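Trainee: Build the 3D model from these lines:
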Amino acid sequence: MRVKIIMLVLLIGLFLLPGQTIFASPRSISVQVIPLSTEPAPTPVIDNADQPSGPPLSLTLSLLGFGCLLLLIFGVFILGFVVRLGNYKELKKDNTDDKL
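Mentor: Numbers count the residues shown, from 1 in each chain. Below you'll find the predicted structure:
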């Protein structure tokens, strides 16, 4: 029921409010056109002999550390769910054995 009410409110908001619909007519916008030059710009020459290739070492190490930290956090959560599921199955098994 709540979903139907939300959909109804969204439809009213989209179609019945003037000027606020997604199907509103576009407004005219004046745009000045600047002619492009016919002469190509000179390409700058870059000397790559002094610069190291690739990202800086500090960025690489920090991203690697961050990834390992996230992996550790997710691993702890997953391991917690696995252990809890095992304990739950053991507890359920022990409860059924006691009733017999």
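
Trainee: What pLDDT does the model give Ser62?
Mentor: We have a pLDDT of 96 for Ser62.

Trainee: how far away is it from Pro42?
Mentor: Ser62 is 38 Å from Pro42, where distance means Cβ to Cβ, to the nearest Å. In short, each C-beta sits where N, CA and C put it, glycine included.

Trainee: quick one: buried residues of the worst-scoring helix or strand of the chain on mean pLDDT?
Mentor: When each helix and strand of the chain is scored by mean pLDDT, DSSP states H and E, helix 2-15 comes last, with a mean of 71. By 16 or more other Cβ atoms under 10 Å, helix 2-15 has no buried positions at all.

Trainee: next SSE after it?
Mentor: Going down the chain from helix 2-15, the next helix or strand is helix 57-99, by DSSP states H and E.

Trainee: so what does that next one touch, helix or strand wise?
Mentor: Here helix 57-99 touches no other helix or strand, going by 3 or more Cβ pairs under 8 Å, 6 or more residues apart in numbering; DSSP states H and E.
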